[in-house]
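# Task: produce atomic coordinates for the following.
(one chain, ligands or ions: 1)
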Amino acid sequence: MSALANHSYAKMNGAGNEIVVVDLRDRPGPVTADDARAVASPKGVHYDQLMVLQPPRLQGTEAYIRIYNNDGSEAGACGNGMRCVARRIFEASGENAVTFETNAGLLNCWQGPAAGLYTVDMGVPKFGWQDIPLAEEFRDTRGIELQIGPIDAPILHTPSVVSMGNPHAIFWVEDVEAYDLGRFGPLLENHPIFPERANITLAHIVDRDHITIRTWERGAGLTRACGSAACATAVAAARLKRVNRTVQITLPGGELTIEWRERDDHVLMTGPAVFEFEGQFDPALFASVS
Ligand SMILES: N[C@@H](CCC[C@H](N)C(=O)O)C(=O)O
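Reported below is the predicted structural model:
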């Protein structure tokens, strides 16, 4: 029987990113890719990422968090999901800062500068081609040779690539709405240049303090917000010297503020975490996969 059967969950969203939070610290157990897919099935609850809290493995951390995409794959980082988890913890404990362990390392979260806002330290971005990873060497990852469409009139080309604990490709465009991301997203996510697939973002630089984005998420598809994509876009644009180190990112589902901190190169993401409803997983959901 799945560890999720009969367990309670919270449906939340982070700037529109659909998040389900399950706290298994009191009843730990493995969550399989099949379990994650069952939760996302039509009789379950729709989500982009499922955040599963397991008991802490390291002193000073609140939980070890496993992050699942709705296709059952695991992600190293999910900024919007981390804010949702932080909100749950703060409401239960009265604390205002917390450290979690994820597969991308330790993440610190704290109450943001205003009510309803939460900040996550997403760590240091990586730009090396092996770190992203790419299938072949590119010395300059500010813009790599990759395009789709006719060779002499590409539709999308020369993305910046970044790892924020997960792989991101950012295509710079004039209008993020002008492309069929539902069609190009899966082609690019699964392009052989990305051996671990990639999150695909269209980004328009409005001015030095503001960028608009849309993202096709690896393992989850079109999303109303992807926090790590917002971070990846902000640092990629700053590397190109096109924006300041603190920028506002407008996503289809809301707003995020990203600061690429000067003193240690850590990326700080601040945004909302919204509670929607609570529920309990019907064991029948997992019957066919147990
Ligand atoms: N929505 C997330 C990132 C999700 C992870 C992604 N789909 C992956 O597998 O890399 C965020 O808010 O950061």
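
# residues from the stretch 1-150 of the chain in reach of the ligand?
Along the stretch 1-150 of the chain, the residues adjacent to the ligand under the rule C-beta under 6 Å from any ligand atom are Asn17, Asp48, Gln49, Asn69, Ala75, Ala77, Cys78, Gly79, Asn80, Gly81. In short, each C-beta sits where N, CA and C put it, glycine included.

# Take those and keep only those in helices.
With helices taken from DSSP state H, the overlap with those comprises Gly79, Asn80, Gly81.

# Of all residues in this structure, which one is nearest the centre?
The residue lying closest to the centre of the chain (C-alpha atoms, centre = their mean) is Cys78, at 3.5 Å.

# how far away is it from Arg183?
Distance of Cys78 to Arg183, computed by C-beta to C-beta, to the nearest Å: 25 Å.

# Which one of the ones in helices among the residues of the stretch 1-150 of the chain next to the ligand is nearest to Asn108?
Within these, proximity to Asn108 (C-beta to C-beta) peaks at Gly79, which comes in at 12.2 Å.

# List, one by one, the residues from the stretch 151-290 of the chain near the ligand.
Listed as neighbours of the ligand in the stretch 151-290 of the chain under the rule C-beta under 6 Å from any ligand atom: Asn166, Asn199, Glu217, Arg218, Gly219, Ala220, Cys226, Gly227, Ser228.

# Who wins on neighbours among those residues?
When neighbours are taken as other C-beta atoms under 10 Å, the top entry among these is Cys226 (36 neighbours).

# Quick check: that residue vs Asp264, distance?
Taking C-beta to C-beta, one finds Cys226 at 24 Å from Asp264.

# same check, this time on Arg66
27 Å.

# likewise Pro150?
Plainly put, Pro150 is 44 Å away from Asp264 if you go by C-beta to C-beta.

# just Arg25 next, same as before
For Arg25 relative to Asp264 (C-beta to C-beta), the value is 30 Å.

# Give me the more crowded residue out of those two.
Neighbour comparison, Arg25 and Asp264: the larger count goes to Arg25, with 14 against 8 (by other C-beta under 10 Å).

# Assess the claim that the more buried one and Thr61 are in contact.
No - using C-beta atoms under 8 Å, Arg25 makes no contact with Thr61, being 11.3 Å away.

# what mean pLDDT does stretch 45-53 have?
Averaged across stretch 45-53, pLDDT comes to 98.

# residues of that stretch that come out buried?
Across stretch 45-53, burial judged by 16 or more other C-beta atoms under 10 Å covers Val45, Tyr47, Asp48, Gln49, Leu50, Met51, Val52, Leu53.

# Just grab the bridge partners of the fourth one for me.
In this case it means Gln49. Ile19, Asn69 (DSSP bridges).

# for it, what are its contacts?
By C-beta atoms under 8 Å, 6 or more residues apart in numbering, Gln49 lies in contact with 17-20, 67-70, 75, 78, 80-81, 220.

# can you list the domains in the chain?
7-121+274-286, 129-265 (the TED database).

# how far is the first one from where the chain is centred?
Distance of domain 7-121+274-286 from the chain centroid (C-alpha atoms, centre = their mean, to the nearest Å) equals 12 Å.

# Just the terminal-to-terminal distance for that domain.
This stretch, domain 7-121+274-286, spans 12 Å end to end (C-alpha to C-alpha, to the nearest Å).

# Repeat that for the longest one.
Start-to-end span of domain 129-265 (C-alpha to C-alpha) is 18 Å.

# for the record, mean pLDDT for that domain?
In the prediction, domain 129-265 has an average pLDDT of 98.
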